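K.L.:
Next come a sequence and a model predicted from it.
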Amino acid sequence: MGQSHTVLINKAIKKYGDFTALNGVEFSIKTGEFFTLLGPSGCGKTTLLRMIAGFNTIDGGEILFDDTVINSIEAYKRDIGMVFQNYAIFPHMSVSENVAYGLKARKIPASEIPKLVENALDLVQIKNLANRKPSELSGGQQQRVALARAVVIEPGLLLMDEPLSNLDAKLRVQMRTVIRKLQRRLAITTIYVTHDQEEALAISDRIAVMKDGKIMQIDTPEEIYTHPANPFVAGFIGTSNFLACKITENQALVEGSFSCPIALNKDFSGNAIISVRPEHLFFAGTGLQGTITMSTFLGDFINYEIELDSGNRIELNEYANEMNTVREITSRVSVQFISKKACVYNAQTEELLS
Ligand SMILES: Nc1ncnc2c1ncn2[C@@H]1O[C@H](COP(=O)(O)OP(=O)(O)OP(=O)(O)O)[C@@H](O)[C@H]1O
């Protein structure tokens, strides 16, 4: 295995005519790290990945592999393996011919190729399918071929653009484990693009959350989930309830009706937004008043949709146990939240205050 690269993106800019698709993106990736670009459709993930691969030009800034600027190095010289959404495997070639293709193109001696192909097929557990044509394979098997083909050349960097989006939900979950195990085993620096937040949380060492060509937050999955840097990230990753509040001297008046202490990391008075996960809200004797509008039994817990008297609709998850039954729709309820689990943002600047 060759040395796996570090990657540095330094103030990268991409324009399509007047439209700025990437606006000064910066981050660095450690060798062997699994790094995910996550964001809604059109935020610039694919544009950035294609720039790193060498398929898109760069209008500003630099991309470095290890300590070398690679802006103007041609794609085929960049020492990259790629896996795309649509597999992109050759339909007329068998599985092993597909995997051998990149090795032949790199002029690896013919005598070494069968063993390398066999190892790669073994890694993705499809050695038994070596002689099949792609049309004789399932979607998941085809994606394993694409994966074997990307790693057989022992690239210094593996790029994946929504590789699981053509697969059904169950297979997606299975294949993401295959990808993660393979990546760990090979310790290959990987950049992965997805718009699926659950997939990103499950698979990544770190995630860059993007919006409108900019990075909103870069952190581990745990940090992004527990301390989203702004309301956009809080709303995009998992489910968040947003409550309007006014803060004076560590006391929050929430939705204009319920007052509670709130701990902040900075001095702040004024309008704020509290973001709280459904699992951190609970029914209480006093609190925010509202009416249950929907209940969904989900096995471990019951999900309630509650319309607060302020008009704001929120979601609350209550753990199910033998003591409680599902509460009736139209029941009047009082709701509070675990204040140390809540994230508080300045309503104007969206800065995290807690
Ligand atoms: N060749 C192009 N010409 C003009 N605009 C483009 C071109 N390619 C992409 N764009 C625009 O740049 C923005 C970023 O596109 P990009 O494909 O990088 O988004 P994405 O985050 O990968 O989205 P998706 O998840 O839908 O693939 C979008 O607004 C898109 O319309």
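P.N.:
The structure has been received and is ready for your questions. Keep in mind that what you see is a predicted model, and the values were worked out from it rather than measured.
K.L.:
Just give me the neighbour total for the closest residue to residue 317 other than its chain neighbours.
P.N.:
Using CB to CB, 6 or more residues apart in numbering and skipping the chain neighbours, the partner closest in space to residue 317 is residue 278 (4.2 Å). (Each C-beta comes from the backbone N, C-alpha and C, glycine too.) A count of nearby residues for residue 278, using other CB atoms under 10 Å, gives 19.
K.L.:
what residues are up against residue 278?
P.N.:
Contact partners of residue 278, counting by CB atoms under 8 Å, 6 or more residues apart in numbering, are 239, 241, 303, 314, 315, 316, 317.
K.L.:
try 7 Å this time
P.N.:
Taking CB atoms under 7 Å, 6 or more residues apart in numbering as the contact definition, residue 278 lies against 239, 241, 303, 315, 316, 317.
K.L.:
Likewise for residue 211?
P.N.:
The contact partners of residue 211, taken as CB under 7 Å, 6+ apart, are 39, 40, 43, 232.
K.L.:
What score does it have for pLDDT?
P.N.:
Model confidence at residue 211, given as pLDDT, is 97.
K.L.:
Kindly state the beta-bridge partners for it.
P.N.:
residue 214 (DSSP bridges).
K.L.:
so residue 62 touches residue 13, yeah?
P.N.:
No: between residue 62 and residue 13 there is no contact under CB atoms under 7 Å: 10.4 Å.
K.L.:
neighbour count winner among those two?
P.N.:
The neighbour comparison of residue 62 against residue 13 (other CB under 10 Å) goes to residue 13, with 16 against 13.
K.L.:
Okay, now the sheet partners of the helix or strand hosting that one, with direction.
P.N.:
When elements are assigned from DSSP states H and E, residue 13 belongs to strand 7-16. Sheet pairing here is set by DSSP bridges, and for strand 7-16 it gives strand 19-29 (antiparallel), strand 60-65 (antiparallel).
K.L.:
Quick one, which of those strands gets closest to residue 138.
P.N.:
Each of the strands paired with strand 7-16 was scored for nearness to residue 138 using CB to CB, and the closest is strand 19-29 (32.1 Å).
K.L.:
Would you pull up how far the strand holding residue 13 lies from the middle of the chain?
P.N.:
20 Å (CA atoms, centre = their mean, to the nearest Å).
K.L.:
quick one: is it near the ligand?
P.N.:
Yes: part of strand 7-16 sits close enough to the ligand to count as contact by CB under 6 Å from any ligand atom, namely residue 16.
K.L.:
For that strand, which outside residues touch it?
P.N.:
Residues beyond strand 7-16 that count as contacts (CB under 7 Å, 6+ apart) turn out to be 21-29, 47-48, 51-52, 56, 58-65, 157, 189.
K.L.:
CA atoms only for that strand, dumped as PDB, please.
P.N.:
The C-alpha coordinates for strand 7-16 follow below in PDB (Å, rounded to 0.1, in the frame of the first residue of the first chain):
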ATOM      1  CA  VAL A   7      -5.300  17.000   2.000                       C
ATOM      2  CA  LEU A   8      -5.400  20.700   2.500                       C
ATOM      3  CA  ILE A   9      -8.100  22.900   0.900                       C
ATOM      4  CA  ASN A  10      -7.000  26.500   1.100                       C
ATOM      5  CA  LYS A  11      -9.700  29.200   0.300                       C
ATOM      6  CA  ALA A  12     -11.000  27.300  -2.700                       C
ATOM      7  CA  ILE A  13     -13.300  29.300  -5.000                       C
ATOM      8  CA  LYS A  14     -15.400  28.000  -7.900                       C
ATOM      9  CA  LYS A  15     -17.600  30.100 -10.100                       C
ATOM     10  CA  TYR A  16     -20.000  29.200 -12.900                       C
END
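K.L.:
I'd like the average pLDDT over it.
P.N.:
Per-residue pLDDT over strand 7-16 has a mean of 97.
K.L.:
now swap in stretch 280-288 and tell me
P.N.:
pLDDT averaged over stretch 280-288 equals 96, rounded to a whole number.
K.L.:
Do you know the pLDDT at the spatially closest residue to residue 249 that is not a sequence neighbour?
P.N.:
If you skip the residues right next to it in sequence, residue 249 has residue 269 as its closest partner in space, 7.1 Å away by CB to CB, 6+ apart. At residue 269 the predicted local confidence, pLDDT, stands at 96.
K.L.:
shouldn't residue 269 be in contact with residue 247?
P.N.:
Yes: assessed by CB under 7 Å, residue 269 is found in contact with residue 247 at 5.8 Å.
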